[in-house]
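>>> Fold the stuff below for me.
(one chain, ligands or ions: 2)
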Amino acid sequence: MYSKAKYRKDYKTPDFTATDISLDFQLDPNHTVVTATTQFQRLNAESTELRLDGHSFQFAAIKLNGEDFTAYKQDSEGLTLDLSEQSADKFELEIVTNLVPATNTSLQGLYQSGEGICTQCEAEGFRQITYALDRPDVLARYQVKITADKTKYPFLLSNGNRIASGELEDGRHWVEWQDPFPKPSYLFALVAGDFDLLQDSFTTKSGRQVALELYVDRGNLNRADWAMQSLKKAMKWDEDRFDLEYDLDIYMIVAVDFFNMGAMENKGLNVFNSKFVLADPQTATDADYLAIESMIGHEYFHNWTGNRVTCRDWFQLSLKEGLTVFRDQEFSSDTGSRAVNRINNVKILRSAQFAEDASPMAHPIRPEKVLEMNNFYTVTVYEKGAEVIRMMHTLLGEKAFQAGMKLYISENDGKAATCDDFISAMARASGVDLELFARWYKQSGTPELTVSDHYDEKAHRYQLIVSQMTPPTADQMDKANLHIPLKIALYDQSGMPFMLLNNGEVVNDVLNVTQTDQIFEFQDIKSRPVPALLCDFSAPVKLDYDYSTEQLIILLKHAQNEFVRWDAMQMLFAQELRRNLSLYQQGQPLEFSPEILTALGYVLANYQQNIELTTLILTLPKETEFAEDFKIIDPEGIFVVRDFMQRTIAENLKDALFEVYNQIHLETYRIAAEDIALRGLRNACLQYLAFTETGNTLVNKHYLYANNMTDSLAALTAATKAQLACRDNLLRDFEEKWQHDGLVMDKWFSLQATRPDSNVLELVQQLMNHPSFNFNNPNRLRALVGSFVNQNPRAFHAIDGSGYRFLTDILLKLNESNPQVAARLIEPLIRLGRYDGQRQPLMKRALERLNDVENLSKDLFEKIEKALNS
Ligand code: TRP
Ligand code: ZN
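Residues are numbered from 1 along each chain as shown. Ligands and ions are numbered 1, 2, ... in the order given. Model prediction:
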């Protein structure tokens, strides 16, 4: 019934390749005819059988070198052509397929989005358009002709350069495109529709003038500026930092409302989820602006790391994604605050990625076994993949790393490469031995570093005793040692760093941990130091060092490294939560440590030193972040304790919070770093102040006076989380104002779904009938259902199983309409191993109910099977 899983070790070079593909689209939402004419070349002289991938369409006819051809076998996943009569190594196949974009709710292949038509081919969507060698190591030149109704579809776009166009008598018109760069099928794209167009241009450093075109739904032109600015910044940055220049005369971005992910890097024609394009002060928050900048950068950077150098097979996905995430992180860090970006990325890693490694879906950044490729666009492949690149950058330094990039690109330009090709280029260009390091690519799981220390007062000698261990994961029992770069600093009691000396020589602050147990010694340390360990999160590992509260407070107040200060507070919060959780579980009263409150007061009082850092330190980790500290998660307990911590901080620091809140005045809205920082801090204060006796008045006023979405949403959030009297009014006001704007309503849906109210599930169920909700729009679904199952763990894991039943009902529907989105939404349900004996059987029952479905998609099947067998 299902196609079998594929293994990385089974990779074989293709027997045939396609050199040139000509596609003719007669477009219509209800009946599209695609004629694909492909020049094939036999690579393996022995081979007489050509296997083409293809499914989910009506297949009409096939011709070999212009003659009708019938020597094929068709099954649900493709065609097998018998070419034993075909002696020439070069031949042409013409295949006609019929598609119905209007009913394609999977949003893969050719589908209708709003009034337009577009494609999504990564990873294996091209095979839903025509029969093809749909694998990334088959690179062909594409020529595309699109014919469609001119009134409904005035714009007809595809990859590369527009080479011809014309009008037909019946009101239809056509445009022909040619992409000079050979590419794999997953980078093919087509868009047809009516849009507003924002035009600009960029001159590359060698003088090439590039036309920049940004297509948005009619009426949205005033929300397109920021994305265009971001694109130009990204193009310039890639020249400055990586010496990489754009290679075509035109770069197009189209924003669509129906999209399974964030965006797609199709050559010369990026397709974006409109969420990551559209922004104006009234509808987008500061966080939205930054997310757009980073996503625009990400897709642009793929032009070199992804498109010019692509992946040999899908197991190598991190080759392009890990590297491109690293590049977009560096772009954001060079453009904005490095520390803030680092902290936000580390939060994702420690919560989402560590959780994935602890789940039935655990996999190395280069997976070994895949059933449905869509299931491997994960935080592990993307964010941990970027951490692995970052570690190489740490080990090599910027200069050698850039030399490695140059070598990697020159050796692999125009080719389909592997992760090993990348490591090898890095090692050869730098002379750094990366042999042990390469193990990060094949080993899953989160390594644990246990550190203890020893100080010899008389000899002024300090030792760090470091051991590493990676616990088994669902996919891999046996783990070996890794090469872990451990960045450290040693502080004296006043926060001054000691020089790191060994045998009279200054040693690097990055220690190379490579063995099970190692001792690192430092001399001339005049007093017992406070160690800052894993500075800047120099490796994606868990750290276990028995810090005292006093030590952490020293780091929090005095460490020079901003990341270390933030991380110290994270550890203090975690200690506080853990201690109180056991009090809660024993039915004891909760208590907040007064030293920590004092320390927070100190940070707040000194906010002017570093505004963004103050906000980040002050903000309590989310429930899901706290949860990662526990093998067995108590969602109810974590909620209660976190809520207690929040209220206690608010009550104890209210005067200082109020003072800071009042000191910050921002008249007109500007999207500038200083203003974003100030708004962020003011709104962080507001979230606490909402819990104090003046909360209702303050929040209500904040909402009333807000002249931008960041402030409106901050007030709405504060009112909802603190269940203020003004809440219902504000929610209603927001709804009335924005009900016609899906992207803005997503913020509202998401807030509704994360309400602390006990009847939240009932509310969510009602909202699925809200006029602004649309089950087939993944943004709406993620905002409402996704927020409920992922960001409201207490309600989702309700002990009566109601949350699990709710999600299961949705997944049963989504299994048919959009399996890719279904498989993302099921994640919290497959992590049953992290819950207690009451919840686990309920989760299991929900999974079994899904498993019994007859036409279960590969996407869901792969995850459910892993969950039930773990
Ligand atoms: N390659 C895209 C990126 O990283 C993501 C992507 C993969 C994608 N598969 C997709 C986007 C399917 C949309 C739909 O930017
Ligand atoms: Zn990407």
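>>> The lowest-mean-pLDDT helix or strand in the chain: which residues count as buried?
The helix or strand of the chain with the poorest confidence is strand 58-64; it has a mean of 91 (mean pLDDT, DSSP states H and E). Neighbour counts using 16 or more other CB atoms under 10 Å place 59, 62, 64 of strand 58-64 among the buried residues. To be clear about C-beta, it is placed using only N, CA and C from the backbone, and glycine gets the same treatment.
>>> Could you tell me the model confidence score at the residue sitting furthest away from the middle of the chain?
Distance from the C-alpha centroid of the chain, by CA atoms, centre = their mean, peaks at Lys458 (50.8 Å). pLDDT, Lys458: 98.
>>> next one: Ser870
89.
>>> That one and Ala795, how far apart?
25 Å (CB to CB, to the nearest Å).
>>> what's the answer for Val96, then?
51 Å.
>>> who's more crowded, those two?
Ala795 (25 against 17; other CB atoms under 10 Å).
>>> I'd like to know which residues of the chain are adjacent to ligand 1.
Applying CB under 6 Å from any ligand atom, we find that the chain lies next to ligand 1 at 120, 122-123, 260-265, 298-299, 321, 377.
>>> Filter the residues you listed down to the buried ones.
For the residues of the chain next to ligand 1, a burial check counting by 16+ other CB under 10 Å picks out 120, 122-123, 260-261, 263-265, 298-299, 321, 377.
>>> Adding pLDDT and distance to Lys12, write these out as TSV.
Below are these laid out as TSV (pLDDT from 0 to 100; distance: CB to CB, whole Å):
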residue	pLDDT	distance to Lys12
Gln120	99	27
Glu122	98	22
Ala123	98	18
Asn260	98	29
Met261	98	29
Ala263	99	32
Met264	99	27
Glu265	99	27
His298	99	31
Glu299	99	31
Glu321	99	23
Tyr377	98	24
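>>> Looking at the residues you listed, which are in strands?
120, 263-264 (DSSP state E).
>>> Adding distance to Ser548, write the residues you listed out as a markdown table.
Shown next, in a markdown table, are those (distance: CB to CB, whole Å):
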| residue | distance to Ser548 |
| --- | --- |
| Gln120 | 53 |
| Ala263 | 46 |
| Met264 | 49 |
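>>> Distance to ligand 2 for those - can I get that in TSV?
Converted to TSV, those look like this (distance: CB to the ion, whole Å):
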residue	distance to ligand 2
Gln120	13
Ala263	8
Met264	8
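>>> Nearest to Glu612 among the residues you listed?
Relative to Glu612, the closest of these is Ala263; by CB to CB it sits at 26.1 Å.
>>> Tell me who's in contact with the residue of the stretch 151-300 of the chain found nearest ligand 2.
Residue of the stretch 151-300 of the chain nearest ligand 2, by CB to the ion: His298 (5.5 Å). Neighbouring residues of His298 by CB atoms under 8 Å, 6 or more residues apart in numbering: 262-263, 265, 324-325, 327-328.
>>> quick one, helices of the stretch 601-750 of the chain?
Here the stretch 601-750 of the chain has its helices, by DSSP state H, counting those that start in this stretch, at 611-618, 623-627, 635-663, 673-689, 695-705, 709-721, 727-738, 742-753.
>>> pLDDT below threshold where in the stretch 401-550 of the chain?
Scanning the stretch 401-550 of the chain for pLDDT under 70 picks out no residues.
>>> Which single residue of it approaches ligand 1 most closely?
Ranked by CB to the nearest ligand atom, the top residue of the stretch 401-550 of the chain for proximity to ligand 1 is Ala416, at 15.2 Å.
>>> Kindly report the same for the chain.
Closest point on the chain to ligand 1, by CB to the nearest ligand atom, is Met261, at 3.4 Å.
>>> Please give the number of neighbouring residues around the residue lying closest to Thr473 once chain neighbours are set aside.
Distance criterion CB to CB, 6 or more residues apart in numbering; nearest residue to Thr473, sequence neighbours excluded, is Ala362 at 3.8 Å. Counted with other CB under 10 Å, the neighbours of Ala362 add up to 21.
>>> contacting residues for Ala362?
356, 380, 444-445, 473-476.
>>> again with Lys458
Counting by CB under 8 Å, 6+ apart, Lys458 has no contacts.
>>> Which secondary structure element is home to it?
Assigned by DSSP states H and E, Lys458 belongs to neither a helix nor a strand.
>>> For ligand 2, see how far away it is.
55 Å (CB to the ion, to the nearest Å).
>>> Likewise for Ala425?
In terms of CB to the ion, Ala425 sits 20 Å off from ligand 2.
>>> you'd agree that residue is in a helix?
Yes - under DSSP: H, G, I helix; E, B strand; the rest coil, Ala425 sits within a helix.
>>> In contact with Thr37, which residues?
Thr37 touches 21-24, 92-94, counting by CB under 8 Å, 6+ apart.
>>> cool, and Leu763?
752, 755, 757.
>>> could you redo these as TSV and give each row distance to ligand 2, neighbour count and pLDDT?
Formatted as TSV, those follow (distance: CB to the ion, whole Å; neighbours: other CB atoms under 10 Å; pLDDT from 0 to 100):
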residue	distance to ligand 2	neighbour count	pLDDT
Gln752	31	23	98
Arg755	33	19	98
Asp757	38	13	98
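>>> helix/strand/coil for Ser332?
Applying three-state DSSP to Ser332 yields a three-state assignment of helix.
>>> Verify the contact between it and Ile292 for me.
No - with contact defined as CB atoms under 8 Å, Ser332 does not reach Ile292; the gap is 11.1 Å.
>>> From the contacts of Thr37, list just the buried residues.
21-24, 93-94.
>>> Quick check: residues of this protein near ligand 2?
321, 324 (CB under 5 Å from the ion).
>>> The closest residue to Lys236 other than its chain neighbours pairs with what?
The shortest distance from Lys236 to any residue other than its chain neighbours is 7.8 Å, reached at Phe202 (CB to CB, 6+ apart). Note on Phe202: beta-bridge partners by DSSP bridges are Val210.
>>> tell me the contacts of Phe202?
209-210, 212, 231-232, 235-236, 246, 251.
>>> quick one: stretch 556-575 to chain centroid distance?
26 Å (CA atoms, centre = their mean, to the nearest Å).
>>> typo on my end, stretch 323-334
On CA atoms, centre = their mean, the centre of stretch 323-334 falls 13 Å from that of its chain.
>>> again with stretch 256-275
Its chain's C-alpha centre and that of stretch 256-275 lie 14 Å apart, by CA atoms, centre = their mean.
>>> in it, what counts as buried?
In stretch 256-275, counting by 16+ other CB under 10 Å, buried: 256-261, 263-275.
>>> How about stretch 419-427?
For stretch 419-427, by 16+ other CB under 10 Å, it's 419, 421-427.
>>> Stretch 516-536 too?
Neighbour-count burial for stretch 516-536 flags 520-523, 525, 529-536 (criterion: 16+ other CB under 10 Å).
>>> now do stretch 128-147
Under 16+ other CB under 10 Å, the buried positions of stretch 128-147 are 128-147.
>>> re the thing from before, any chance of the helices of the stretch 601-750 of the chain in CSV, plus distance to Leu597?
CSV is the format used below for the helices of the stretch 601-750 of the chain (distance: least, CB to CB, whole Å):
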stretch, distance to Leu597
helix 611-618, 12
helix 623-627, 18
helix 635-663, 5
helix 673-689, 12
helix 695-705, 19
helix 709-721, 20
helix 727-738, 28
helix 742-753, 28
